[in-house]
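# Structure for this input, please:
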Amino acid sequence: MGRIDRHFAGLVQTTLRLIYPPRCLACGGLVESDFGLCGDCWRDTPFIGGTACDSCGVPLPGGEATERARCDQCLRDPPPWARGRAVMLYQGVARRLVMQLKHGDRQDIAAPAAHWLAEAVAGLLPVDTLVAPVPLHRWRRVRRGYNQSALLSRRLAGHLGLCDLPDLLQRPHATPSLDGKTRAERHRILSGALRVNPRHAAVVAGRPVLLVDDVMTSGATFSAATEALHAAGSGPVTVLALARVGKAP
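Numbering: from 1, shown residues only. You can find the predicted model right below:
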């Protein structure tokens, strides 16, 4: 881009900022930069910091941030994946952001969310890791218009410099809503519900995989996805959720 072109682009950007000043993703208040949260919303967003379960990402009391601890649930019933992380607890501002991304067509939230996700898995992944979203059944995707997890995984892979395979996993059959279901019911409903796309069977063999989803509740969806990947001969699986259902320590 030449000097004049850069100058013109700068003028356009300045004009747009005057007409459309940056707004907080959560409350709509004015902020200093695009894709940000205002001070109040940032303070009220339950980001997970400090010690967290190395398997599911739920925050734990005490300990060091680098400690590989596990929560009681994961000790009693170890998940099939190797490691897990989450950015924030699914409550308050965090829940509103996820719901707006998922059902409110707020696809702009995916950009900052991908940055937060990248920070959550910094230093955990081998360079040959494949990034893949948890899939939606095709009719649900048609109704919604997009897969919010695929939006996150695509931007996240860009941040991490890794390969994104948005169609690595398939959900060939529609499953009933999991709202109100117990942990056991969720796992039963989703058992065998996902499979590896046959086109990528050779690619996934032996490769580590990072699975991305918007919310982790019981871990049933991540379990079904991990089992499908292992059945196809993948390497170790890491799971990553934007939000995690759970309680602050």
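
# Student question: in this structure, what's the helix or strand with minimum average pLDDT?
Ranked by mean pLDDT, DSSP states H and E, the weakest helix or strand in the chain is helix 3-19, scoring a mean of 45.

# what's the domain layout of the chain?
Annotated domains of the chain cover 1-44, 45-244 [automatic domain parsing].

# Need these in a markdown table (columns: mean neighbour count).
Heads up, the C-betas are built off the backbone N, CA and C, glycines and all. Formatted as a markdown table, the domains of the chain follow (neighbours: other CB atoms under 10 Å):
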| stretch | mean neighbour count |
| --- | --- |
| domain 1-44 | 12 |
| domain 45-244 | 18 |
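
# among those domains, which gets the worst mean confidence?
Mean pLDDT values for those show the minimum at domain 1-44, a mean of 64.

# Please measure how far the first residue of stretch 22-36 sits from its last one.
Start-to-end span of stretch 22-36 (CA to CA, to the nearest Å) is 8 Å.

# How about stretch 157-175?
28 Å.

# before we move on, what about stretch 211-225?
End residues of stretch 211-225 are separated by 8 Å (CA to CA).

# Touching, Ala220 and Leu194? I think so.
No: in this structure, Ala220 is not within contact of Leu194 by CB atoms under 8 Å, at 10.7 Å.

# Residues contacting whichever helix or strand comes after the least confident helix or strand of the chain, please?
Counting by DSSP states H and E, the next helix or strand C-terminal to helix 3-19 is helix 39-44. Outside helix 39-44, the residues that touch it by CB atoms under 8 Å, 6 or more residues apart in numbering are 24-27, 29, 92-93.

# Stretch 161-170 now?
Residues contacting stretch 161-170 (CB under 8 Å, 6+ apart): 125, 127, 129-135, 147, 150, 153-154, 156-158, 194-197, 199-200, 203-204, 209-210, 225, 228-229.

# Just those: which are in helices?
Of these, the ones assigned to helices by DSSP state H are 150, 153-154, 156-158, 203-204, 225, 228-229.

# isn't Glu50 right up against Ala69?
Not quite, residue 50 is Gly, not Glu. No: at 10.6 Å, Gly50 and Ala69 do not qualify as touching, with contact defined as CB under 8 Å.

# residues touching the residue lying closest to Arg144 once chain neighbours are set aside, list them.
Nearest non-adjacent residue to Arg144, counting by CB to CB, 6 or more residues apart in numbering: Leu136, 7.2 Å away. Neighbouring residues of Leu136 by CB under 8 Å, 6+ apart: 144, 147, 149, 171.
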